[in-house]
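Asks: coords please:
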Amino acid sequence: MMDETRKIEARRLWEVDGLTMRQIAEKMGMGRKTVSRILAGDPAPHPRKPAKIAPYERLIAEWYKDTPALMAIQVLNRLRGYGYTGGYGTIKLATMAFRKKRPQAFLRVDLRSRGRGAGGLDDVEDRDERGLRVRLYPGLVAL
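Replies: Residues are numbered from 1 along each chain as shown. Next up is the predicted model:
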């Protein structure tokens with residue numbers, strides 16, 4: 001809920017100083033919609049209900065501490081046993097910070113000419129991010 005003195009200050013900036021809503025918002029560090037509501041006299045928006053996942057967040061954190069490789073669907077299945085009625089999308093978002101990103105399954109290779117051939121179609125030797133030698137041959141596709 002907004003402090004009454006901030007509402008009075010916003011109204012004063014509007015009526016006395018003649019500032020625009022955007023200028024008031026920037027000066028007071030609030031959104032333009034908030035300023036608009038204050039000037040229109042509308043009540044503040046209702047606070048949001050706590051998310052369905054909120055009561056289970058500590059439990060999920062413990063699970064990931066014990067088993068860091070858990071997938072979101074596995075967490076959902078476990079939570080169903082505790083009475084969770086929300087959906088998979090909520091679980092996926094809530095567990096995103098816990099899940100580790102998998103390493104990329106490909107090597108990045110620079111295929112620019114190394115100076116031996118005019119068109120750069122000679123075999124190319126390069127190093128990947130790990131410093132390993134990689135040799136590529138023109139026309140050869142590796143899958």
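Asks: C-alpha only now, for contacts and for neighbours.
Replies: Fine.
Asks: tell me the contacts of Ile91?
Replies: The contact partners of Ile91, by CA atoms under 8 Å, 6 or more residues apart in numbering, come to Ile53, Ala72, Ile73, Val75, Leu76.
Asks: so what are the domain limits for the protein?
Replies: Using automatic domain parsing, the domains assigned to the chain come out as 4-40, 54-95, 103-143.
Asks: any chance of those in a markdown table, with distance to Arg48 and mean pLDDT too?
Replies: Converted to a markdown table, those look like this (distance: least, CA to CA, whole Å; pLDDT from 0 to 100):
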| stretch | distance to Arg48 | mean pLDDT |
| --- | --- | --- |
| domain 4-40 | 16 | 92 |
| domain 54-95 | 13 | 93 |
| domain 103-143 | 38 | 61 |
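Asks: same list, these, but as TSV with distance to Pro47 please.
Replies: Shown next, in TSV, are the domains of the chain (distance: least, CA to CA, whole Å):
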stretch	distance to Pro47
domain 4-40	14
domain 54-95	15
domain 103-143	40
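Asks: what are the buried residues along the helix or strand hosting Ile73?
Replies: Using DSSP states H and E, Ile73 falls within helix 72-80. For helix 72-80, burial by neighbour count (16 or more other CA atoms under 10 Å) applies to Ala72, Val75, Leu76, Leu79.
Asks: relative to Trp63, how far out is the last one?
Replies: From Leu79 over to Trp63 the distance is 11 Å, taken as CA to CA, to the nearest Å.
Asks: likewise the first one?
Replies: Counting by CA to CA, the gap from Ala72 to Trp63 is 11 Å.
Asks: likewise for Met28?
Replies: 43 Å.
Asks: more neighbours: which of these two?
Replies: Taking other CA atoms under 10 Å, Met28 and Trp63 do not tie; Trp63 has more neighbours (16 against 13).
Asks: and the more buried one, what element?
Replies: helix 57-66.
Asks: can you get me a residue count around Met21?
Replies: Applying other CA under 10 Å, we find 19 residues neighbouring Met21.
Asks: apologies, that question was intended for Val35.
Replies: 22.
Asks: same check on Gly83?
Replies: For Gly83, using other CA under 10 Å, the count is 8.
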